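**Student:** pasting the sequence and the predicted model now:
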Amino acid sequence: MPLRPGWGTLGREGQLRTNFFAVKLPKDAVYYDYEIAISPQAQAKGDRRARILELVEQSPALSEFKQYIAHDRSQRLVSSRQLPQPLSVAVRYLEVDQADDPNALTFTVDIKFQRELHMTTLNEYMDGKPDHRDIDTQPFLSALNLVMQSYASKRGVRVGGNKYFFPTSAEQHRLSLGVEAHRGFFMSIRPMYKQLMVNINVCMTAFYTPGNLAEAMIAFQQQTGSGMPQTFADRLKVTTRHLGYTKKSTIARIMTSMTARSYRFDCEEFKRKVSVEEYFKLKYKITLRHANDLPLINVSMNPKRPIYLPAEICEIMPGQAYRGKLDGEQTAMMIRYACNPPEFNGNAIVQQGFDQLGLRGGSGSQVLSAFGVSVADQMAVVPSRVLPAPRITYRSGAAPIRNAGWNIVNVKLHSGGAIANWAVLLVHEGRREEFRDTTDPELIVFLQTFLKKCSDSGIAGADKPPRILSVSLPSPRDDNNRERAIDAIRTTLRSNFKPNTKPSFILVLLSGIDRYIYPGIKKLCDIDMGIHTVHMLLPKARDGRGNRQDQYFSNVVLKVNAKLGGMNHLLDPPSMKWLTEKNTMIMGIDVTHPSPGSAPGSPSIAAVVASVDNNFVQFPASMTLQKPDWNKESKEMVEKLTEMTIERLQLYKKKNGNRLPDRIFVYRDGVSEGQYHLVLREELPKIQAAFKQISPKAPYKPTLTIAICGKRHHARFWPTAPGEANMTQNGNTVPGTVVDKGITDVYNNDFYLQAHYGLQGHVRPTHYTIVYDENRYSADVLQQGTHTASYLYARATKAVSLVPAAYYADLACERGRDYLNVLMNLSDDRSSVAGGPRTTADREAEKERVYENAVKMWGKGVHPDLKESMFYI
């Protein structure tokens, strides 16, 4: 990876507070690293390992060292003092409230010394000398994270890598039946130039609502008319008390056809066949209240030895992160709860966060004290700059920029697309907002208003009246996955449009949001028929309050023009110079993966977009499926990147008089810091292979730059100076803010850029890291170039948070998910089914079947008639 070429100087200088806090270690500190091995290993899994290590800490062998150690509750332990070797501790496994059990399992825990960790080595790395760049900091940072998180890990619930939640003290926000949101804190050690820091941020996560399992099942029955979904209960942890202590179990399956009264089994203890209801009455003196109206649950993962429990004796354990994918309503509520202004988040971090994470001195920091670690209680202050905005140009009319946005009243788009002919599809579902029929006078006025907006904006052929079609859809109640509804739409379109008489686009008028209809139409028209579609949601499009309809139509016009190959707006020549001084192609790359609600075996989808000329407005896309790696369920790297790059280069060549670009700039989205090396190891050679293959005779060697775009980081900024020039009305930093000192990498060429205006909540900058650079761009060119490019997003009249090439790749991936909608987005609708856990072979066969189904649904991908357009926007 290239070293930083220097720091940026362009823009108005200032200072910002940031959620990084200085960490001090003793001079010449040495810590001791140990490996934990627990036997028998097969019985020491999951939550049981954490309990075993609690018991080890309470044992006489470790009691004198307890305050000097920190561990991950599983495999690794670090100590500020040397532990005796060999160190082997035997513990009898008992739950927290369990009386002595003569049959308790005995575990042997071996704590084996691995290495000394000399923190002077980490200091050498942070000194910034190039010959120290290759020091492996991971062992030091991961050890320090164990120390820093020791307090939180014992008192809170860890979710993911470094997020901690404290359900008993946190405020809860209901998201839906059985799901609630909790606020917690992210915490991670980061090495900066000459300073160790800890990054702390507010975060929100969905949790299962604790409580009685039977009551939750009844609530599902009352609210939805059916039982608790199998996907909701799958691997849900519950506790029982009928054995005299709190025993933890994991639900394998809800047995929908079996109740405590109906299911009988041979009982050795009572020498006869008994029902589960009878067994609990005879054995535990428990009279079940829902023996006949609620199903049993199976808490055994062994298909041959099921363990059935009545739901009413089970309690849903608190502190379980929700594993499903949040639906639209849940996501909207989560955003509402998480969307707090910067001041709120800052106060939460330095007050509540420091206390709950145990960073503020006193009893909470006993382990920190034992390691000699202290944390500053004030946010770090770092230098910043505000970059100048570009100028926006249209064919006619002015568009002055304010707060990174502009108005397009009285302007004509730079280059209007052409409408040869077009059509309107009325989708009837019996909702109030719908037009009566194809002759409804209100519909005619509505379309005339839209056409005038198209014409005023400069789209050619917008005066042509459309062909208006309508389709009435069957009720969703008798239409699984709305398949009959999609068939009705398919029949309507195919009977009206032949391959040689296709419209330029179809305006689809929907009266409501449906998880099947929109993606179904996109798949039908993008893949099967090769027709552009633009959708309007009638409750918004017919909103007559103020200028809302005009604004809505303006946004739709931007989409229509981009799909038809037009150019909405351009930047002024000085802002484009960094790209136009040589023939340059900008590429965007992204991969989207199956979500928690996707059917197991669903593919990943990769997209590559690229500019086709020196206007950098049109970005057609290549898309492909990737078979997931069954071990990790997804592959981040793009397997067919060579073929996809060749496809982009071929189109560039076609549009530029048989000439290929001299330079290529790649914005790669969706790669974490730990995967930067994979981009260089796996994707860079594939891009270079495309250069060789597209010009096998004459060597083709364009200069290449690759930048990673990071959105899932936890760096946030707060203005230190008041005034409109430094702070927005909601307390955020202003658009154009860039930071490349203080909290950036010691060696790598990276920067944080906030190009957009933060309308809600606490604005998040994008973290750009240059991992490969044959063009040897200066810091100012990279930062201001990326900043001005953020104003070129075709679908909006404002700067966007992510450079458009990466944004488009993300949109293309999401469109790919629509084509596989019933696999990628909707499998969490599967309701409870009978049966026990299946074997590994069964699960693998099912994954293979799902993947083959996805390939069949995908077919040949996007229709040839749309491939050279921005069909996905």
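**Tutor:** Happy to help now that I have it.
**Student:** quick one: the helices in the stretch 551-700 of the chain?
**Tutor:** Along the stretch 551-700 of the chain, the stretches classed as helices by DSSP state H, counting those that start in this stretch are 573-580, 641-655, 676-678, 684-694.
**Student:** what residues does the first one touch?
**Tutor:** Looking back up the chat, that one is helix 573-580. 390-391, 570, 586, 614, 616, 665, 777, 781, 784-785, 788-789, 791 (Cβ atoms under 8 Å, 6 or more residues apart in numbering). (Each C-beta comes from the backbone N, C-alpha and C, glycine too.)
**Student:** now the residues you listed in a markdown table, with pLDDT and neighbour count?
**Tutor:** Shown next, in a markdown table, are the contacts of helix 573-580 (pLDDT from 0 to 100; neighbours: other Cβ atoms under 10 Å):
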| residue | pLDDT | neighbour count |
| --- | --- | --- |
| Pro390 | 97 | 21 |
| Arg391 | 97 | 18 |
| Leu570 | 97 | 21 |
| Ile586 | 98 | 24 |
| Asn614 | 96 | 15 |
| Phe616 | 98 | 21 |
| Phe665 | 98 | 27 |
| Tyr777 | 97 | 20 |
| Val781 | 98 | 17 |
| Gln784 | 98 | 23 |
| Gly785 | 98 | 19 |
| Thr788 | 98 | 26 |
| Ala789 | 98 | 25 |
| Tyr791 | 98 | 27 |
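**Student:** which stretches of this protein have low pLDDT?
**Tutor:** 169-170, 363-364, 630-634, 826-838 (pLDDT under 70).
**Student:** select the longest helix from the protein.
**Tutor:** Scanning the chain for the longest helix, with DSSP state H as the assignment, gives helix 840-858.
**Student:** list of residues touching it?
**Tutor:** Residues outside helix 840-858 that contact it (Cβ under 8 Å, 6+ apart): 523, 527, 599-603, 625, 627-628, 630, 819-820, 823, 838.
**Student:** tell me which residue is most central in this structure.
**Tutor:** Arg712 (7.7 Å; Cα atoms, centre = their mean).
**Student:** my read: Gln221 touches Gly227, true?
**Tutor:** Yes - look at Gln221 against Gly227 with Cβ atoms under 8 Å: they come within range, at 6.1 Å.
**Student:** neighbour-wise, which of those two wins?
**Tutor:** Between Gln221 and Gly227, Gly227 has the larger neighbour count (other Cβ atoms under 10 Å), namely 18 against 14.
**Student:** can you confirm that one is in a helix?
**Tutor:** No - counting by DSSP: H, G, I helix; E, B strand; the rest coil, Gly227 falls outside a helix, being coil.
**Student:** need phi/psi at Cys267.
**Tutor:** Backbone torsions for Cys267, taken as degrees, to the nearest 10, come to phi -110, psi 120.
**Student:** one more: Ala22?
**Tutor:** phi -70, psi 140.
**Student:** what about it, how many neighbours?
**Tutor:** Ala22 has 16 neighbours, counted by other Cβ under 10 Å.
**Student:** now do the contacts for it.
**Tutor:** 195-197, 375-376, 380.
**Student:** could you rerun that using 10 Å?
**Tutor:** Neighbour list for Ala22: 192, 195-198, 374-380 [criterion: Cβ atoms under 10 Å, 6 or more residues apart in numbering].
**Student:** farthest pair within the residues you listed?
**Tutor:** Greatest spatial distance in these: Met192 and Asp377, 17.9 Å, computed using Cβ to Cβ.
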